[in-house]
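[1] I'd like to go over a predicted model; first the sequence, then the structure.
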Amino acid sequence: GAVVSQHPSRVICKSGTSVKIECRSLDFQATTMFWYRQFPKKSLMLMATSNEGSKATYEQGVEKDKFLINHASLTLSTLTVTSAHPEDSSFYICSARDFIGAGSAPFFGPGTRLTVL
Amino acid sequence: EDQVTQSPEALRLQEGESSSLNCSYTVSGLRGLFWYRQDPGKGPEFLFTLYSAGEEKEKERLKATLTKKESFLHITAPKPEDSATYLCAVQEKGRAGFKTIFGAGTRLFVKA
């Protein structure tokens, strides 16, 4: 199956700082990448859909100025949590899909555990 | 809006005790139903894609089936290493193309 990596796997930061999380598709070109957030023992909540070369589309209730998403190439998307606060602490997971588009299953990265002190 | 509902929320089995997990969905025009396995602290691992009613897929002790309204993940003679959360998802048409919407998952515990 396709491989998606995320970096870092864990990050601890102070309140008010910004944190950048990278998502890479290692063996395929991803026209679309997705960012999810997951709370303990809960399912994945879609935050935004990112298409290469265009602005991300955010789900209702997700602050686009707080969660900046950039998808500059077919293999890299980044999520920046700006001015992080303790309530932003969560497990962030990205996924990527190749050119096949509708009907093709997205593959997921290993996730990034963010802790804001 | 498309909905994905999984049941039960949690399932405890003895090793070797076969069972099934359910995923019911409402979607206008199914473009794919996916099953994933997620271990604690990790990203979901892809298991199966099903596209049309009547389709079945198998992998080791797992078999996924699909009808027009629901999908089942059958686990035959489970082992403790099958313990995980199993997630079902469907594709939904969004503003930026197709997006994947997940159910809440079924947490499976298999005791030796």
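    Great, that's in hand.
[2] any idea how far residue B:56 lies from residue B:50?
    8 Å (C-beta to C-beta, to the nearest Å). Bear in mind the C-beta positions are built from the backbone N, C-alpha and C, glycine included.
[3] With neighbour numbers in mind, choose between these two.
    Set side by side, residue B:56 and residue B:50 show more neighbours around residue B:50, with 22 against 12, by other C-beta atoms under 10 Å in any protein chain shown.
[4] Dig out what that one forms beta bridges with.
    Applying DSSP bridges to residue B:50 yields these beta-bridge partners: residue B:33.
[5] cool, residue B:89 as well?
    Counting by DSSP bridges, residue B:89 forms beta bridges with residue B:34, residue B:102.
[6] Tell me the buried residues in the worst-scoring helix or strand of chain B on mean pLDDT?
    Within chain B, no helix or strand scores below strand B:97-102, which has a mean of 82 by mean pLDDT, DSSP states H and E. Taking 16 or more other C-beta atoms under 10 Å in any protein chain shown as the neighbour-count basis, strand B:97-102 is seen to contain the buried residues B:98, B:99, B:100, B:101, B:102.
[7] Counting by contacts, list what it packs against.
    Strand B:97-102 sits against strand A:32-38, strand A:44-51, strand B:84-94, with contacts defined as 3 or more C-beta pairs under 8 Å, 6 or more residues apart in numbering or on different chains; DSSP states H and E.
[8] want to try CSV for these, with mean neighbour count and mean pLDDT as columns?
    Converted to CSV, the helices and strands packed on strand B:97-102 look like this (neighbours: other C-beta atoms under 10 Å in any protein chain shown; pLDDT from 0 to 100):
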stretch, mean neighbour count, mean pLDDT
strand A:32-38, 24, 93
strand A:44-51, 22, 91
strand B:84-94, 22, 88
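[9] Make TSV from the ones you listed and add distance to residue A:80 to it.
    Compiled in TSV, the helices and strands packed on strand B:97-102 are given as follows (distance: least, C-beta to C-beta, whole Å):
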stretch	distance to residue A:80
strand A:32-38	11
strand A:44-51	12
strand B:84-94	22
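[10] Residue B:74 contacts residue B:35, correct?
    No: under the criterion of C-beta atoms under 8 Å, residue B:74 lies out of contact with residue B:35, with a separation of 11.0 Å.
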